[in-house]
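>>> Fold the following for me, if possible:
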Amino acid sequence: MDLKGFGAQIATGAGLTLLVAALSLVIGLAIGGLGAAAKLSGSRPLRVIADAYTTLMRGVPELLILLLLYFGGTVLLTWVAGEYVEVNGLGAGLFALSLLCGAYTTEVLRAAIQSVPRGQLEAARALGLRQAHVVRLVMLPQVWRLALPGLGNTWLVLLKDTSLISVVGLEELMRKSAIAAGATHQPFTFYAVAAGVYLLFTTVSVLGISALERRARRGLARA
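Below is the predicted model of the structure:
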């Protein structure tokens with residue numbers, strides 16, 4: 001396929017797409033862990049805050065969240081600096097995707113934690129294990145196994161949602177494809193290439209997630 005000299009730019013955009021998705025996942029996992037802890041805590045204010053956060057992030061379209069953060073951040077920085085300051089597209093996109101990922105991860109981790117049998121935790125404490133050891137040796141391995149399918153789905157959605165940040169000027173895969181399509185007047189070619197790259201990322205991810213799930217299920221009795 002003739003890419004009219006835009007092959008390197010498409011590759012650069014694909015790399016940025018993976019980078020943004022990976023960073024958003026890492027930050028989103030951290031946010032999700034805090035959110036799940038808040039939802040399961042005995043503090044009502046923390047539960048209310050966590051519920052409001054997940055409801056807002058899951059109830060408003062992703063693109064709208066991105067635009068609100070981008071333009072809202074610009075307004076805030078302009079007000080603080082006293083002159084016009086535009087939010088960086090990468091920063092806005094990364095922040096928005098991390099918050100979105102964190103909201104879905106919160107629910108995945110909360111459900112996984114609640115699915116761990118309480119009796120196992122009580123038995124571990126009865127054996128004299130400290131709380132830190134109970135969490136590390138009994139809870140976390142099971143939470144990881146139970147949450148992995150949901151986290152895998154979150155990663156796949158996150159990969160595709162990176163295309164949204166092209167609207168704020170970040171030249172990831174979708175933006176690079178649009179630039180190439182406009183310059184060459186061959187939109188079908190370059191959008192088809194972009195679709196192929198996303199499909200490649202998704203296929204490799206699915207294979208990797210399946211391998212992780214098989215590893216996490218090692219030692220379990222098959223039904």
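>>> what comes up buried for the longest helix that the chain contains?
For the chain, the helix with the greatest residue count under DSSP state H is helix 7-39. Buried residues in helix 7-39, counted by 16 or more other C-beta atoms under 10 Å: 9-10, 13-14, 16-18, 20-21, 24-25, 27-29, 31-32, 34-36, 38-39. Glycine gets a C-beta too; all of them are placed from N, C-alpha and C.
>>> Off-centre distance for that helix?
Centre-to-centre, helix 7-39 and its host chain are 5 Å apart (C-alpha atoms, centre = their mean, to the nearest Å).
>>> ok, then the element right after it?
Going down the chain from helix 7-39, the next helix or strand is helix 44-59, by DSSP states H and E.
>>> That next one: which residues count as buried?
46, 50, 53, 54, 57.
>>> could you dump those residues to TSV with distance to residue 183?
Output for the buried residues of helix 44-59, formatted as TSV (distance: C-beta to C-beta, whole Å):
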residue	distance to residue 183
46	51
50	46
53	41
54	42
57	36
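>>> which sections of the protein are below the confidence cut-off?
1-2, 219-223 (pLDDT under 70).
>>> change it to 80
Within the chain, the ranges that satisfy pLDDT under 80 run 1-5, 119-122, 124-138, 218-223.
>>> quick one: the longest helix of the chain to helix 44-59, angle?
150 degrees (axes from the mean of the first three to the mean of the last three C-alpha atoms, to 10 degrees).
>>> Packing partners of helix 7-39?
helix 44-59, helix 89-115, helix 140-161, helix 173-184, helix 187-216 (3 or more C-beta pairs under 8 Å, 6 or more residues apart in numbering; DSSP states H and E).
>>> and the ones you listed as CSV, adding distance to residue 67?
Converted to CSV, the helices and strands packed on helix 7-39 look like this (distance: least, C-beta to C-beta, whole Å):
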stretch, distance to residue 67
helix 44-59, 14
helix 89-115, 9
helix 140-161, 14
helix 173-184, 16
helix 187-216, 22
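>>> Thanks a lot, catch you later.
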